[in-house]
Structure formats: C-alpha cells, structure tokens
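A.B. asks: sharing a model prediction with you, sequence too.
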Amino acid sequence: MRLFFLVPLALLIVSCTSQETPPASRSAQFPGYPQNLFNSFKTDCAGPGDQYVKIGTGSFECRETLSPEATAYLILSFDGYPQDLPEIVTRLSSSRNQNGYRVDAELFFMVPQKGGSTLTIPIESEELDRDFSRLYTNFGGTPV
C-alpha cells in the first residue's frame, strides 16, 4: 500500500524539476534513418504555394512563396528579378555515419537576380535553432 503512495509522490517531484532543454542546433544525430521526420517534412510541405523537391539522396527542400510584403522587400533590397519571385527554402539533408544518421537543416531565402543567377540569403536565429532541436528530439534525434 505504501508503494502506491510513493509512486505519485515520485512523479510529482520529477515533474516539478526543471527539464533539460536540448542545445539550440540545426543538426542532430539519429540512431537509424529518420523516415518519420522526412515523411512529416513532406506532408507539411503540401500547402498552397509550397513545393517539395528532392535534391539528392537524403536531401529534400520545401520551397514556399512569401507574402507580398516580404517578396517586395527581398526584390528591392537584393536587386531581385520581379518576373521570378523569391522563395523561402527549408532544406533537410541526411548523411550516414558510424552512429546512424546525421541530419542537418538549412533555412534561407532564394532571390533570383536579373542576370539569371540566384542569391542565397541564410536565415540565422537562435529561436529557429531551438525549434529545430525540439523537432529533432520529438522524432528521436539528439541535437549536436
């Protein structure tokens, strides 16, 4: 009978202690191929204005159109080409290593230029890095 009293007490103590948050990172190590992560990524990239692209073995992109305000800002600020609109790109790449698979994320704007080239503008944010870490952890990875 005493055991039934101690279990809820132990759970209360554990739930009240601070939980360690993973480091803010855009990379994670997975013990096996993170198929569920990539399936979720593909499913989330199915909205209007989204384009899912496989760019290589284990590398995928979600290209999304931007709001008119963000589009105008990028075209004007980075000498973009208005006939080929900028996009925001999230890229996930996996590579096999001795511990399983490493997944790396990149987030950037692609701004087509008048001369035909494309300018890539990386998006850096500690909050986004924390979001990636939480995502990786939810799918069984360990942020590195």
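C.D. replies: Everything's here; your move. Numbers count the residues shown, from 1 in each chain.

A.B. asks: what about the chain, any weak spots by pLDDT?
C.D. replies: The chain contains residues with pLDDT under 70 at 1-20.

A.B. asks: any idea where the helices of it begin and end?
C.D. replies: For the chain, the helices defined by DSSP state H cover 2-16, 35-44, 68-77, 126-138.

A.B. asks: longest strand of this structure?
C.D. replies: Of all segments of type strand in the chain, defined using DSSP state E, the longest is strand 100-112.

A.B. asks: report the buried residues of that one.
C.D. replies: Residues of strand 100-112 classed as buried: 100, 101, 102, 103, 104, 105, 107, 108, 109, 110, 111, 112 (neighbour count, 16 or more other CB atoms under 10 Å). The way it works is simple: take the backbone N, C-alpha and C, and place the C-beta from them, glycine included.

A.B. asks: surely the last one and residue 79 touch.
C.D. replies: No - with the criterion set as CB atoms under 8 Å, residue 112 and residue 79 do not qualify as a contacting pair; they are 10.2 Å apart.

A.B. asks: looking at the sheet around residue 113, what are its partners?
C.D. replies: Per DSSP bridges, the residues bridged to residue 113 are residue 80.
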